[in-house]
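Peer 1: the sequence isn't on hand, but the structure is:
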Ligand code: M6R
């Protein structure tokens, strides 16, 4: 939710900042802007819309400088427009600020500042930060910012420059991510690692409340009590290439095709010599003690949680509850020291999930994060973290992060089942073999996408449709439906297959697309009856089932077959055609698939 980049060093700040913003556009693309210091003056340029607009605008402008900050926006306060774009600045153009997050008490601060004579030129919460620092400033930018922070409520990652300090960037964070990249005679700040990977792999992940002063050859960090602190330098494992499209036309299709590899790497990270190991996150005593598992997440990660719940019930017989994070903290959840609370988040920055985690922690639960981003806020807040090995996921629509989250929850279920004596070592190793076979089976689907393209051709002109499934196939259908909505703008809804007849079947007309997930062997006959009910009313049935499932093939208008797999893991194969169907439909509709409207990759507002 908004991306910020800052650069100070020997290179051209404009080039570095624009390259960084390009890698952060997934965080928002309502507008973009840049501020540099040139000849002791702050120069600011900003444009509504995607970064390309700003880049075109800057083409013939001389902004050459060794220091700059930039921003790509996902609008919260104030419509997308040039004037609401960041950086925000003071009337005398002495201070410029970029911000990710929300200043909750901005309205009070704004009216106080107006009374003091400050004029506002935007509708944003961020502009108060610039004027507030100005109102406190007595010749030292660092000290003015630290005093201003005491008056701010809310979440922020901030990058600040002052025309009289052309050799330093001051930055800080609270409940919004910020990394510092350490280069040679150059240093950078960014909301996320891909923005700086071209320049360095050595980073500091700032802690909540940290304030840092960057010059070209030095970085000083202070904690929230202003005591100088040493943070550990982390070396990023993946490289710049992994954050590029690598020959694919879009990040989403690249990430779909990366799933065989990311699944294998996630398995390898947790399985050693054929044995699953989570001893780093759970002790034997804890496993005995917990009588309930809560899985809390948003969107696609929530759907991964539903798959986890099914595996926990089927494989380990463990009682669990899956909740949407934005509801969890306000529902007075039954959570205590006997609860294991698992928070699933690709980005590790989702504010709703973070807030839910803090709630569970405060009530005494042991908390575990499942995330893809090392050093993310959720990973640091949780007692323990399990990393998925998906590599950077840039497309807004989550694909490889989802399948790796599901794998982790399934592995955890097998691990708990074995520890609790519910399954034998042999059974556990059969499950592991089955999971290791998934990558090859996914490759077969990826090699045969023509049928899916044909279905996409049919889907592209539709305005609505349904996804149905029974048992855990319903959870798979939910994910398929979300994917279709977010990147094609076609309104789809997912239902348990037996539920449509209780009302929503009234919406079925000749030609209404219904995507059926039919992977649960024991429920197949029932699902086929539901297909027939829908066909009798004219629905156009697209079924995803095992290649061998001739019964489903016979009753469907279109049939997308996948390989053989144990029912409990079936989503790992069934979701791939659903991801591809959304992707190809989006492309056929001419939508910017990696950056669909109104969305952002990382949702750091409530
Ligand atoms: O980063 P997170 O996993 O916490 O994000 C949660 C959701 O915002 C995310 O999964 C969203 O639903 C995706 N855009 C779906 O593709």
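Peer 2: Yes, it's here. Since the model is a prediction, treat every value here as computed from it, not as a measurement.
Peer 1: what does the stretch 451-600 of the chain have sitting close to the ligand?
Peer 2: Residues of the stretch 451-600 of the chain lying near the ligand by Cβ under 6 Å from any ligand atom: 482, 486. Placement of C-beta: from N, CA and C, glycine included.
Peer 1: just the helices from the stretch 451-600 of the chain, written as ranges.
Peer 2: Assigned by DSSP state H, counting those that start in this stretch, the helices in the stretch 451-600 of the chain fall at 472-488, 524-535, 550-555, 571-588.
Peer 1: tell me the buried residues in the second one?
Peer 2: Spelled out, it's helix 524-535. By neighbour count on 16 or more other Cβ atoms under 10 Å, the buried set for helix 524-535 is 524, 527, 528, 530, 531, 533, 534, 535.
Peer 1: in TSV: the helices of the stretch 451-600 of the chain, plus mean pLDDT.
Peer 2: Converted to TSV, the helices of the stretch 451-600 of the chain look like this (pLDDT from 0 to 100):
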stretch	mean pLDDT
helix 472-488	98
helix 524-535	95
helix 550-555	95
helix 571-588	98
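Peer 1: what's around the residue of the stretch 251-400 of the chain found nearest the ligand, how many residues?
Peer 2: Nearest residue of the stretch 251-400 of the chain to the ligand: residue 299, at 2.0 Å (Cβ to the nearest ligand atom). Neighbourhood size, residue 299 [other Cβ atoms under 10 Å]: 22.
Peer 1: about what we covered before: distance to residue 281 added to the helices of the stretch 451-600 of the chain, as TSV?
Peer 2: Listed next are the helices of the stretch 451-600 of the chain as TSV, based on distance: least, Cβ to Cβ, whole Å:
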stretch	distance to residue 281
helix 472-488	24
helix 524-535	37
helix 550-555	39
helix 571-588	22
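Peer 1: for the stretch 101-250 of the chain, which spans come out with low pLDDT?
Peer 2: Scanning the stretch 101-250 of the chain for pLDDT under 70 picks out 241.
Peer 1: and for the stretch 251-400 of the chain?
Peer 2: Using pLDDT under 70, nothing in the stretch 251-400 of the chain is flagged.
Peer 1: kindly report the residues of it close to the ligand.
Peer 2: 298, 299, 300, 301, 345, 346, 347, 350, 353, 396, 397, 398.
Peer 1: tell me which of the residues you listed fall in strands.
Peer 2: When those are checked against strands (DSSP state E), the matches are residue 345.
Peer 1: so among the residues of the stretch 251-400 of the chain next to the ligand, which ones count as buried?
Peer 2: 298, 299, 300, 301, 345, 346, 347, 350, 353, 396, 397, 398.
Peer 1: excluding chain neighbours, what is closest to the second one?
Peer 2: In other words, residue 299. Closest residue in space to residue 299, ignoring its immediate chain neighbours: residue 482 at 6.7 Å, by Cβ to Cβ, 6 or more residues apart in numbering.
Peer 1: who's in contact with the one you found?
Peer 2: Residue 482 makes contact with 299, 300, 303, 494, according to Cβ atoms under 8 Å, 6 or more residues apart in numbering.
Peer 1: mind putting those in CSV, distance to residue 212 included?
Peer 2: Output for these, formatted as CSV (distance: Cβ to Cβ, whole Å):
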residue, distance to residue 212
299, 32
300, 33
303, 37
494, 45
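Peer 1: out of the residues you listed, who's nearest residue 339?
Peer 2: For these, the minimum distance to residue 339 (Cβ to Cβ) is 21.7 Å, reached by residue 303.
Peer 1: the closest one touches residue 402, doesn't it?
Peer 2: Yes. Checked against Cβ atoms under 8 Å, the pair residue 303 and residue 402 is within contact range at 7.0 Å.
Peer 1: which neighbours do these two share?
Peer 2: In terms of Cβ under 8 Å, 6+ apart, residue 303 and residue 402 are both contacted by the residues residue 479.
Peer 1: before we move on, the earlier item: and the furthest pair within the residues of the stretch 251-400 of the chain next to the ligand?
Peer 2: 353 and 397 (18.1 Å).
Peer 1: residue contacts, the most centrally placed residue in the chain?
Peer 2: Nearest residue to the geometric centre of the chain (Cα atoms, centre = their mean): residue 347, 4.0 Å. Counting by Cβ under 8 Å, 6+ apart, residue 347 touches 371, 372, 373, 376, 601, 602.
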